[in-house]
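>>> I'd like to go over a predicted model; first the sequence, then the structure.
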Amino acid sequence: MSVSFSTIRPGLKLADQVASALEAEIRSGGLAAGQKLPTEQALGQQFGVSRTVVREAVQRLKSRGLVDSRQGSGVYVLAAGCEPLSFDPTAAASREAVLQIIELRRALEAEVAELAAQRRTPAQAQAIRAALLAIADAVASGGDGAVEDVRFHRAIGEAAGNPFLIRTLDYLAQFLQGVTRVTRANEARHREFAEQVKREHEAVVQAIEAGDAPAARHAAAQHMNNAMLRLQHADASFWQQDGARLAAVLVPPTMPA
């Protein structure tokens, strides 16, 4: 089976781009298990990069268990298996990455809020209310409330009673806190935005307290929809300054080897 690759674009780490392109072919079956990779020279010509870049990219694939070297023979594709969730660093495109993560949050938060309304105990409802008050206290003390915001949503996750959802939220927390800092920085620039967020959070909490699952789902989804709208309407200067600075840390520039 012959596979050809296009020259990669400048601006992002070359080895990451090469590794991502090769991995996509392996996972899609374009490069089948047992197939020999083209030589470093051939891959370098196709991608328009040096053999050193290709070698670094192949090393990344080896660390992920996707290829293996055979002494004196070459590099061969292994059967692609499951691996821990990770994010392609080439997808970290500031504004686009923030909006895409909010889309992910919308799907999760709506489900979590609905389950929390169905399952929360009185103690969990109190914990959710306390977490909401902690956001206001943090802002009143001069903070951005981002850490408290993530804890608020986790309190709702705990009330949902699904350990798989909770573990997923815990994994995403490293990204959610960064996204929350972006959204809250934008909202802090507009008093009406900050008030909208308070009302949206309150609607979610009241629905959970009332045990109204459909209302909780709707309120959580609407909160995420509005968060996206507020960011989409942010002026260019925000993304050139605070937005870009805060979004830059969402995904590390390189994945761990």
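All right, it came through fine. Every value quoted in this text rests on a predicted model; they were computed, and no experiment measured them.
>>> In this protein, what residue spans correspond to helices?
Applying DSSP state H to the chain gives helices spanning 14-28, 40-47, 51-63, 95-119, 122-140, 146-160, 163-188, 191-210, 213-232, 236-240, 242-247.
>>> any idea which of the ones you listed is most buried?
Ranked by average neighbour count under the criterion mean count of other C-beta atoms under 10 Å, the helices of the chain are headed by helix 146-160 at a mean of 22. All C-beta atoms are positioned from the backbone trio N, CA, C, and that covers glycine.
>>> quick one, that helix and helix 122-140 angle?
Taking axes from the mean of the first three to the mean of the last three C-alpha atoms, to 10 degrees, one finds that helix 146-160 is oriented at 170 degrees with respect to helix 122-140.
>>> I'd like to know which elements helix 146-160 is packed against.
Packing contacts for helix 146-160, counted by 3 or more C-beta pairs under 8 Å, 6 or more residues apart in numbering; DSSP states H and E, involve helix 95-119, helix 122-140, helix 163-188, helix 191-210.
>>> Report the mean confidence score over it.
Across helix 146-160, the average pLDDT comes to 89.
>>> got it, and stretch 32-43?
91.
>>> Same question for stretch 114-134.
Per-residue pLDDT values across stretch 114-134 average out to 96.
>>> List the contacts of that stretch.
148, 151-152, 154-162, 165, 201-202, 205, 207-217, 220 (C-beta atoms under 8 Å, 6 or more residues apart in numbering).
>>> Now tell me which helix or strand of the protein has the poorest mean pLDDT.
Within the chain, no helix or strand scores below helix 242-247, which has a mean of 49 by mean pLDDT, DSSP states H and E.
>>> Residues touching stretch 192-210, excluding its own?
Identification of contacts with stretch 192-210 by C-beta under 8 Å, 6+ apart yields 113, 116-117, 120, 125, 128-129, 132, 135-136, 139, 152, 156, 159, 184, 186-188, 213, 215-216, 218-220, 222-223, 226-227, 230.
>>> most distant residue from the middle of the chain?
Gly72 (40.6 Å; C-alpha atoms, centre = their mean).
>>> Name the nearest residue to Ala15, sequence neighbours excluded.
In space, Ala15 comes closest to Glu56 once its chain neighbours are excluded; the distance is 3.9 Å by C-beta to C-beta, 6 or more residues apart in numbering.
>>> Give me the distance between the one you found and Ser50.
10 Å (C-beta to C-beta, to the nearest Å).
>>> my guess is Phe152 contacts Ala138, does it?
No: look at Phe152 against Ala138 with C-beta atoms under 8 Å: they stay out of range, at 10.5 Å.
>>> Low-confidence stretches in the stretch 51-200 of the chain?
Applying pLDDT under 70 to the stretch 51-200 of the chain flags the ranges 80-95, 173-190.
>>> if we can go back for a sec, nearest to Glu25, out of the helices and strands packed on helix 146-160?
With respect to Glu25, and counting by C-beta to C-beta, the nearest of these is helix 95-119 at 23.3 Å.
>>> Taking their axis directions, the closest one and helix 191-210 sit at what angle?
Angle of helix 95-119 versus helix 191-210, following the same axes, to 10 degrees, is 30 degrees.
>>> Can you give me the end-to-end span of stretch 59-79?
Terminal residues of stretch 59-79 are spaced 16 Å apart (C-alpha to C-alpha, to the nearest Å).
>>> Same question for stretch 27-45.
Start-to-end, stretch 27-45 (C-alpha to C-alpha) is 23 Å.
>>> who's in contact with it?
Stretch 27-45 is contacted by residues 1, 3, 5, 18, 22, 24-25, 46, 50-51, 53-55, 58, 67, 73-80 when judged by C-beta under 8 Å, 6+ apart.
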